[in-house]
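> Output the structure for:
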Amino acid sequence: MSTRSDHQTVPLSVLLKRELASEKVEKPEIIYGQASQSKKGEDFTLLKTECQRVVGDGVSTYSVFGLFDGHNGSAAAIYSKENLLNNVLAAIPPELSRDEWVAALPRALVAGFVKTDKDFQEKARTSGTTVTFMIIEGWVVTVASVGDSRCILESAEGGLYHLSADHRLECNEEERDRITASGGEVGRLNAGGGAEIGPLRCWPGGLCLSRSIGDMDVGEFIVPVPYVKQVKLSTAGGRLIISSDGVWDALSPEMTFDCCRGMPADAAASQVVKEALHVKGLRDDTTCIVIDIQPSEKVPAAPSAPPKKQGKGVFKSMFRKKPSESSSQVGKEYSEPDLLEELFEEGSAMLADRLDAKYPICNVFKLFMCAVCQIEMKPGEGISIHAGSSSAGKLRPWDGPFLCSSCQEKKEAMEGKRGMDLDIVVEVTSLSSSTSFAFQEH
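Numbers count the residues shown, from 1 in each chain. Below you'll find the predicted structure:
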């Protein structure tokens, strides 16, 4: 059968089927399980397999897994579960090839997180949520995270890789510096007499995290911009565990994987929760999702050294790590043909960094569309993502990407460029009393 078409245009679904036919190992088998013990009823999960990039073709499928650990109520967690995926997908241009779609995910995840946060805050609800959100396409795993729920991978080769970042102020100096530079304060509860208790918190509000969705009452320097990491597994696969802090406060990554080794995914998730409760008891909602990615039994094994494709080097070169990035604890990039490959990693909280015109495959994103909320704008109506930055003078009027006025206001607030309406004074009257707040208007 000829692989050439007699027509000038070929339907995308046909191209995708050809792509899968030429790469027989591109669709691994995904098996998952989850378990949870509830204390406050604020943990929610999203588990979706066989989602379609091209509706109706039955071939271009991907899977989505999310963990939403709410605080101060469940509203933000529920809203994020119901809306985040659609907001991410809305930020991906249509009719992309598979490689383009995968390469567009990191930027789309940033836009989706920020839009979800912005839309939720407009509902004037005060709860918040951590989010660990994973999209699996073939052997490529993309994880976006805010807060302190974590995603850790154990590859088939035996290595452990952190695919999320911990945004607790206690353990993240860069985030503490960012918040204070944006006008927030970081400190512990003052118990009187100079004594300080508990973990580091951000004031106003007293949140222990520097990033989340929601939390409109704690200052907009608590941002929804996610850390994003994208890796390509070897064709031997691996096991991924997404858990809330109820697990990670009790178990190390090594203990977590060791306690469920050899178990199927559903039994493994239950065992992890059981082990965490055995160590610390039920002090918080404790949730675990286990995802096994493995070669499909219906697909013959791949050759040990498959021939290089023409576009592979180009795709990988778009994800060169910046020298300034400091996430040294997570996986390394390998040059071997069938080991874990790191494709992308970025954790900056600045939208100008995350939605920049130099971002991978930026040419597929529409110029006159808000880079966050995706509304169409007339030429000259949008505001450059670089407006107000030191490099703004070097940009031409058509240098995007652009934001609508509403999303520009959101960006300025997250960067501390919009004045706070209130001065907050925090005092703790005693160790047993609750925290009280005195508000003084300007």
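> residue contacts, T286?
Applying Cβ atoms under 8 Å, 6 or more residues apart in numbering, we find T286 in contact with S36, Q37, K39, D43, S243, S244, G246, V247, V273, A276, L277. All C-beta atoms are positioned from the backbone trio N, CA, C, and that covers glycine.
> how about the strands in the stretch 201-350 of the chain?
For the stretch 201-350 of the chain, strands defined by DSSP state E, counting those that start in this stretch occupy the ranges 213-214, 227-232, 238-243, 286-294, 341-346.
> Turn those strands into CSV, columns for distance to G192 and mean pLDDT.
Compiled in CSV, the strands of the stretch 201-350 of the chain are given as follows (distance: least, Cβ to Cβ, whole Å; pLDDT from 0 to 100):
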stretch, distance to G192, mean pLDDT
strand 213-214, 31, 95
strand 227-232, 37, 97
strand 238-243, 36, 98
strand 286-294, 33, 97
strand 341-346, 42, 93
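> who wins for proximity to T116 among those strands?
Minimum separation from T116 across these (Cβ to Cβ) falls at strand 213-214, 5.8 Å.
> what about R53, distance to L84?
R53 sits 17 Å away from L84, going by Cβ to Cβ, to the nearest Å.
> Counting neighbours, go ahead and name the busier of these two.
L84 (26 against 20; other Cβ atoms under 10 Å).
> if I read this right, that one contacts V64, doesn't it?
No - counting by Cβ atoms under 8 Å, L84 sits too far from V64 to count as a contact (9.4 Å).
> Spit out the residues that contact the two alike.
By Cβ under 8 Å, 6+ apart, the residues touching both L84 and V64 are L46, F133.
> And stretch 32-46, end to end?
Start-to-end span of stretch 32-46 (Cα to Cα, to the nearest Å) is 12 Å.
> buried stuff in that stretch?
Y32, G33, Q34, A35, S36, Q37, E42, D43, F44, T45, L46 (16 or more other Cβ atoms under 10 Å).
> Just the helices from the chain, written as ranges.
Taking DSSP state H, the helices of the chain run over residues 12-22, 75-90, 98-121, 173-181, 245-248, 253-259, 265-280, 312-317, 351-354, 405-414.
> quick check, nearest of the buried residues of stretch 32-46 to L355?
For those, the nearest to L355 is L46 (24.3 Å; Cβ to Cβ).
> mind checking pLDDT for the closest residue to that closest one other than its chain neighbours?
Distances taken as Cβ to Cβ, 6 or more residues apart in numbering place G66 nearest to L46, at 3.7 Å, with adjacent residues excluded. Note for G66: predicted pLDDT of 98.
> Which residues are in contact with G66?
Contacts of G66 by Cβ under 8 Å, 6+ apart are T45, L46, S80, K81, L84, L85, V131, T132, F133, M134.
> Mind putting those residues into TSV with pLDDT and distance to E342?
Rendered in TSV, the data for these read as follows (pLDDT from 0 to 100; distance: Cβ to Cβ, whole Å):
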residue	pLDDT	distance to E342
T45	97	26
L46	97	25
S80	97	27
K81	97	28
L84	98	24
L85	97	24
V131	97	22
T132	98	18
F133	98	19
M134	98	16
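> how much space between F113 and K39?
26 Å.
> I meant to write G382 there.
Counting by Cβ to Cβ - G382 and K39 are separated by 45 Å.
> Is S182 in contact with G416, as I believe?
Yes - in this structure, S182 is within contact of G416 by Cβ under 8 Å, at 3.1 Å.
> can you list residues touching both of those two?
Joint contacts of S182 and G416 (Cβ under 8 Å, 6+ apart) are F221.
> Tell me which residue is most central in the protein.
A144 (1.2 Å; Cα atoms, centre = their mean).
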